[in-house]
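Engineer: Prediction below, plus the sequence it came from.
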Amino acid sequence: MEKIIIKGESDIPTVKLDRQNNIFEISGRSMPADARQFYNPILKWFDEYSLEPLPMTELVFKMNYYNTASAKQILEIVIRLEDIYKSGHQVRVTWIYAAGETDMRDNGYELSSIVEVPMIIISTDEIDNHQSPKNDIKKNETFVVTISRELGAGGKMVGRKLAEILQINYYDYTDIEALSNKYDSDDDIIKKTEDNSKPWLEGIKKIFNINSNNNPILEKQSKILDSIARNESCIVAGQGAFYAFRDYPNHINIFICASIENRITRLMTREKISRTTAMEAISQASLERDMYVAENTGSPRHDTRNYDLVLNMDNFSIEDAVEVITTYINLRKKYFSIIADKD
C-alpha cells in the first residue's frame, strides 16, 4: 500500500505512515482549518492497513499541541489500532510529551483510559534517562502484580503506567478475551498448561466460575492466565485477581481506592458525563463488584487483608502511585521464589 508522508507546518502535524519500513509517526501541532478533511485520508489509510497489518504495529505520537477537533480524529486513529489489537496482533501506542508539558501528558492518560490498546506515555526526559535506577526489577524474577480498584480511582491508569515502567505486560479481562480469540485454532498456549494441578489455576477457574464440562472458552481463558503467570512477569487487573493468584509464589496484590468525591470528579472528567450519571455509575459498579468478589472469593472486596498495598489516590498522582509500588516490589523481590516448572 502507498505510504503517507506529510510535512508538518504551523497548523498541521508531520505524518509518516510507511508500512514497508514499519514507520508510523504523527508529531507536531495539529490545528487544521478542517480537521475531518485533513485526517480523512489518514483514517482511510489505517482502514486499509487493518486488513493486513504487520505482526507488530507501534504508532508514535509526539504532539506539541492539538485542538479539540484534532483530538477526535486522533481518537479515531487509535480506535482503529484497537480493532487491530483485538484481532490478535501486537499493537502499541507510544505517547511522547515534552518534559513539563502536563497537559499533553494528561491527554495521553485520558486516551489510554478510553481505548484498550497498550500505551507507553513517556516524557522526553524519561527517554534520555530511560532506565531509572529505582526500577531495577530483574527480568528473571517472574512475578504477578494484581490490581483491584474502585471505579473512578484511577487504578487502570496506574496499572498501565506501572507496566510501562517495569517493561512488562498489562492484562485485564478484555485482553484475556482477545488472547483466547487469537489462540482459537492454536493449541500452543494450552500445551504449556496441560498440568492443571497448580493451585493458582484452580483459583483462576473459580474466579471465572468455570465448569470445564460446559464452558470451554472460559476454561481456555483460565489456562491463558495460568500460562502468563508461569512464563512472564505481568500485571493482571480485575476484581478477583487477588484471589486467583493467591497460591502463586510471587504475587503482590494492590488495591486502588479514592474518596467518593474524587471518584465522581474523575469519572465526570474522563467520561464527560453529569454528576448524577457518574454517581449512578459508581453506585452500580460498587454493588456489582462487591457481590462478584463476595460470591467468588468468600471475602469482602474492601477487606484490606486481601492486599499487600492499599493506595488512596486522593493526594497521589499516577506517577506517585507507581513509584510507591515499584519501591515495594524492589523490597519484596528478595523473597521471590524460583518458578521451577517453567519450560
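Structural biologist: Arrived safely, thanks for sending.

Engineer: can you give me the helices in the stretch 201-343 of the chain?
Structural biologist: 216-231, 241-244, 260-271, 275-297, 318-332 (DSSP state H, counting those that start in this stretch).

Engineer: Now do the shortest one: distance to the chain's middle.
Structural biologist: The chain centroid and the centroid of helix 241-244 are separated by 18 Å under C-alpha atoms, centre = their mean, to the nearest Å.

Engineer: and what of stretch 142-160?
Structural biologist: Worked out by C-alpha atoms, centre = their mean, stretch 142-160 lies 9 Å from the chain centre.

Engineer: again, but for stretch 238-249
Structural biologist: 18 Å.

Engineer: and it, average pLDDT?
Structural biologist: If you average the pLDDT over stretch 238-249, you get 81.

Engineer: Equivalent analysis for stretch 118-132, please.
Structural biologist: In this model, stretch 118-132 has an average pLDDT of 69.

Engineer: cool, and stretch 273-291?
Structural biologist: pLDDT averaged over stretch 273-291 gives 92.

Engineer: now what about it, what contacts it?
Structural biologist: The contact list for stretch 273-291, computed with C-beta atoms under 8 Å, 6 or more residues apart in numbering, reads 150-152, 239, 260, 263-264, 267-268, 271, 300-302. Using the backbone N, CA and C atoms, a C-beta is placed for each residue, glycine as well.

Engineer: So, low pLDDT: which residues of the chain?
Structural biologist: Across the chain, residues meeting the criterion (pLDDT under 70) sit at 127-141, 173-224, 227, 230, 337-343.

Engineer: tell me the centre residue of it?
Structural biologist: Taking C-alpha atoms, centre = their mean, the centroid of the chain lies closest to Arg160, which sits 4.2 Å from it.

Engineer: following the helix or strand that one falls within, which helix or strand shows up next?
Structural biologist: Taking DSSP states H and E as the definition, Arg160 sits inside helix 155-166. Per DSSP H and E, helix 155-166 leads on to strand 169-171 as the next helix or strand towards the C-terminus.

Engineer: roughly how far out does that next one sit from the chain middle?
Structural biologist: The answer for strand 169-171 is 6 Å, by C-alpha atoms, centre = their mean.

Engineer: buried ones in it?
Structural biologist: Of the residues in strand 169-171, 170-171 count as buried by neighbour count, 16 or more other C-beta atoms under 10 Å.

Engineer: same question, stretch 263-279
Structural biologist: If you call a residue buried by 16+ other C-beta under 10 Å, then stretch 263-279 has these buried ones: 263-264, 266-268, 270, 278-279.

Engineer: now stretch 109-123
Structural biologist: 109, 111-112, 115-123.

Engineer: can you give me the helices in the stretch 1-150 of the chain?
Structural biologist: Ranges of helices in the stretch 1-150 of the chain, per DSSP H, counting those that start in this stretch, are 35-49, 68-86, 102-114, 124-128.

Engineer: Give me the neighbour count for Cys68.
Structural biologist: Heads up, residue 68 is Thr, not Cys. By other C-beta atoms under 10 Å, the residues close to Thr68 number 7.

Engineer: picking that back up, quick one: which of the contacts of stretch 273-291 is nearest Ser27?
Structural biologist: Of all the contacts of stretch 273-291, the one with the least separation from Ser27 (C-beta to C-beta) is Glu271, at 28.2 Å.

Engineer: Next, work out how far apart the residue lying closest to that closest one once chain neighbours are set aside and Ser259 are.
Structural biologist: Among residues not flanking Glu271 along the chain, Ala278 sits closest, at 7.3 Å (C-beta to C-beta, 6 or more residues apart in numbering). Plainly put, Ala278 is 14 Å away from Ser259 if you go by C-beta to C-beta, to the nearest Å.

Engineer: farthest pair in the buried residues of stretch 109-123?
Structural biologist: The farthest-apart pair in those, when distances are taken by C-beta to C-beta, is Glu116 and Ser123, at 23.8 Å.
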